[in-house]
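J.: let me see the structure of the following:
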Amino acid sequence: MWNDNAPIYRQLKERVLGMMLDGLLKPGDALPSVRQIAADYQLNPITVSKAYQELVDESLVEKRRGLGMYVTEGAHEKLLATERDRFVREEWPAMVERIRRLGLDLEQLLRAAAQPGTPPGASA
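T.: Residues are numbered from 1 along each chain as shown. This next block holds a predicted model:
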């Protein structure tokens with residue numbers, strides 16, 4: 001479930017972000033309680049709190065005293081904009097370099113995207 005490549009709190013945060021991006025957590029939805037997540041995943045509650053606090057710091061989640069944590073209005077749009085920017089800055093340059101090294105062209109890639117399961121270099 002957890003890997004050793006990143007701190008567990010960051011992995012938990014990424015799971016919550018994924019649920020927001022996928023529309024599983026919508027504005028106004030409550031996040032499971034810190035105690036619930038800690039018990040379900042056998043985590044230290046401090047680890048869960050740290051993940052949730054980062055979401056609060058990024059204004060994607062808000063604390064409601066005595067009620068819990070809730071997804072904020074506009075969280076999906078803000079997250080989408082942030083993730084798109086991160087993709088273009090961090091992931092896309094490496095992908096472009098790999099595409100160049102493999103000698104692929106845009107037409108091949110678009111054809112492969114339209115026909116899942118077909119390798120980009122395969123003749124159509």
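
J.: all the helices of the protein, residue numbers only.
T.: Along the chain, counting by DSSP state H, helices occupy 8-21, 34-41, 45-57, 75-86, 92-102, 106-114.

J.: and these: which comes nearest K63?
T.: Taking C-beta to C-beta, helix 45-57 is the member of those nearest to K63, at 6.1 Å. For every residue, glycine as well, the C-beta is placed using N, CA and C.

J.: ok so, going back, rank the helices of the chain by pLDDT, which is bottom?
T.: Ranked by mean pLDDT, those bottom out at helix 106-114, with a mean of 88.

J.: which of the residues in it are buried?
T.: Neighbour-count burial for helix 106-114, counted by 16 or more other C-beta atoms under 10 Å, picks out 108, 112.

J.: picking up where we left off before, now for the helices of the chain, which one comes closest to P27?
T.: Nearest of those (C-beta to C-beta): helix 75-86, 5.9 Å.

J.: skip the chain neighbours and tell me the closest residue to P32.
T.: D40 (7.6 Å; C-beta to C-beta, 6 or more residues apart in numbering).

J.: distance of the residue nearest the centre of the chain relative to V48?
T.: Residue closest to the average C-alpha location in the chain (C-alpha atoms, centre = their mean): G18, at 3.8 Å. Using C-beta to C-beta, to the nearest Å, G18 is found at 16 Å from V48.

J.: next one: the residue nearest to the centre of the chain from L24, what distance?
T.: 8 Å.

J.: L102 too?
T.: L102 is 35 Å from L24, by C-beta to C-beta.

J.: and A94, by the same measure?
T.: According to C-beta to C-beta, A94 stands 28 Å off from L24.

J.: M69 touches Q53, doesn't it?
T.: No - M69 is beyond contact range of Q53, at 9.6 Å (criterion: C-beta atoms under 8 Å).

J.: more neighbours: those two, which one.
T.: M69 (22 against 15; other C-beta atoms under 10 Å).
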